[in-house]
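[1] what shape does this take:
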Amino acid sequence: MSLTPIATTVSPDELAYALIEVVLTPYSFTKGGRKFRPKSWSGKHRYQVILVNRGDRLAEYHRDLGDAALFESGAFRIPSLWEHTVGELQEIADNVRSREDRSVMAELRERSTLVRDAAAFFEEIYKRRRGQSVFGSAIKVQR
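    Residues are numbered from 1 along each chain as shown. Model (predicted):
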């Protein structure tokens, strides 16, 4: 089993590959203490993992954010692909965790027609493959 190297420190100006926030028990997150030693072994904690470059390899920087019950938002991942710095990713993560952004994201999700449009698109493809035609008083579609 190969473990990802650990970065003990990161600079806010350093480019990062991704930021991940997860909710896990300290035992499962640390792989039984093989990755690092947590402050406490009990309960579920929220961890922030930042992937940075160390010697041309991805390395993980871990930050224990505390008890998972203190956070309302779920786990998330912010890909950066070396475009954003550690500081920028942490600021984005703070915004994602805030209430205002969740309400804005929920509003955008409600206004979005992406799911409806995708469902209609795949239904139309399904009907074309089957050669299903629709006949009625107001519409006639022959496939």
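[2] where do the helices sit along this protein?
    For the chain, applying DSSP state H gives helices covering 26-29, 86-97, 99-111, 114-130.
[3] for the ones you listed, which one sits closest to residue 14?
    Residue 14 lies closest to helix 86-97 among the helices of the chain, at 5.1 Å (C-beta to C-beta). In short, each C-beta sits where N, CA and C put it, glycine included.
[4] quick one: list the elements packing against the closest one.
    strand 15-24, strand 45-53, strand 76-85 (3 or more C-beta pairs under 8 Å, 6 or more residues apart in numbering; DSSP states H and E).
[5] turn the ones you listed into CSV, including mean pLDDT, distance to residue 110 and mean neighbour count.
    Formatted as CSV, the helices and strands packed on helix 86-97 follow (pLDDT from 0 to 100; distance: least, C-beta to C-beta, whole Å; neighbours: other C-beta atoms under 10 Å):
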stretch, mean pLDDT, distance to residue 110, mean neighbour count
strand 15-24, 93, 24, 18
strand 45-53, 93, 27, 20
strand 76-85, 92, 19, 14
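[6] including distance to residue 62, could the ones you listed go into a markdown table?
    Listed next are these as a markdown table, based on distance: least, C-beta to C-beta, whole Å:
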| stretch | distance to residue 62 |
| --- | --- |
| strand 15-24 | 10 |
| strand 45-53 | 6 |
| strand 76-85 | 15 |
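[7] looking at these, spot the one closest to residue 64.
    strand 45-53 (5.7 Å).
[8] run me through the strand neighbours of that closest one, direction for each.
    Its sheet considered, strand 45-53 pairs with strand 15-24 (antiparallel), strand 58-67 (antiparallel) by DSSP bridges.
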